[in-house]
Structure formats: C-alpha cells, structure tokens
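Asks: what's the 3D shape of this:
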Amino acid sequence: MGDLDYPMYIVTADDGAGPSGCLVGFGTQCSIHPPRFIVCVSKENHTFEPAMNADLLVVHLLGEDDLELAKVFGEETGDVVDKFTQVAWQPGPDGRTPVLDGVDRWFAGRVLERFDGGDHVAVMLEPVAVHAGGRPPQLGYQQVKGLDPGHPA
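Replies: Prediction:
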C-alpha cells in the first residue's frame, strides 16, 4: 500500500469552537448523480471531533506547489499549535469554515452521513460550493509520505 500514489487534501472544519484542519489522503468521489464525495478523518487527529460535529467541511485539493501547506496541516497538531495563525484563510460559504488562500481547487460539502471505517470515519459530503481555479499537477502521497505526522494514524 505504501507504493500507491493518490491525491492529498486538506480538510477544514469549524463546529463553532474555532477552525480546525488536517491533511487527508483518503478521499474520493462516490456518486455522480447526485454528486457525493467521501473524505475519511482519523480518529486520532485533533480535527476528528470538529469534523464529527460540523455540518459543513471544506475539502482543498492540493497541487504539487502546496507542499509547505501540507506540512503545516500534516506535521503540526491542533492539540499543540493553532495552524490557522500560520496560513492565510477566509471564512467559507457558511461564514466560518476556513477556505485556505492560494489553494485553487476546493469545495464545501454539507455533511450527509458518517460511517465508521476502523481507525478513520468516512464522511459523505454533498458539494454546496465549488471553486475550480487553475489545475496544477496534484500533490500525491508519494510526495508527502516522509512528513512526520502530528498524530499517529
């Protein structure tokens, strides 16, 4: 499995207690009509509780030039630092969930369901807002597998 390459995402959430976000490698479109996307959040991650309590998540599709941003959200933990003081962001479509500045491709998804998947929970999203800017090559797992994670998987 460690030899596979797949897109990397940053998922942000705000359940009313402030912004939270993490680097995510498990995510995929799961329906065309109606459009649906599943993103999986580790139960060990600081973002887990906010993501489980939020009504909306923002999924940022990372490009190859987003490695430094991936380091902030993949190596730092919200248990120790406020990641959102290290990056520029704006409130998303709900007026609070962070949209990271400089990430050209993102979507906000209304949470429809959550499924226990073992050490991760899969969150099914219905896209409600989409920004599809430039299309640089995607940042993949092989480019981030050397990061020192803020939490174990």
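Asks: Could you tell me which residues within the least confident helix or strand in the chain by mean pLDDT count as buried?
Replies: The helix or strand of the chain with the poorest confidence is helix 141-144; it has a mean of 78 (mean pLDDT, DSSP states H and E). Residues of helix 141-144 classed as buried: 143-144 (neighbour count, 16 or more other CB atoms under 10 Å). Just so you know, the C-beta spots here come from the backbone N, C-alpha and C atoms, and that holds for glycine as well.
Asks: average pLDDT across the helix ranked longest in the chain?
Replies: Identified as the longest helix of the chain according to DSSP state H is helix 67-75. Averaging pLDDT along helix 67-75 gives 94.
Asks: again with stretch 45-52
Replies: Average pLDDT, stretch 45-52: 96.
Asks: SS state for the residue lying farthest from the centre of the chain?
Replies: Here the centre of the chain is the reference, and by CA atoms, centre = their mean the most remote residue is His33, at 22.8 Å. Secondary structure assignment for His33 (DSSP: H, G, I helix; E, B strand; the rest coil): coil.
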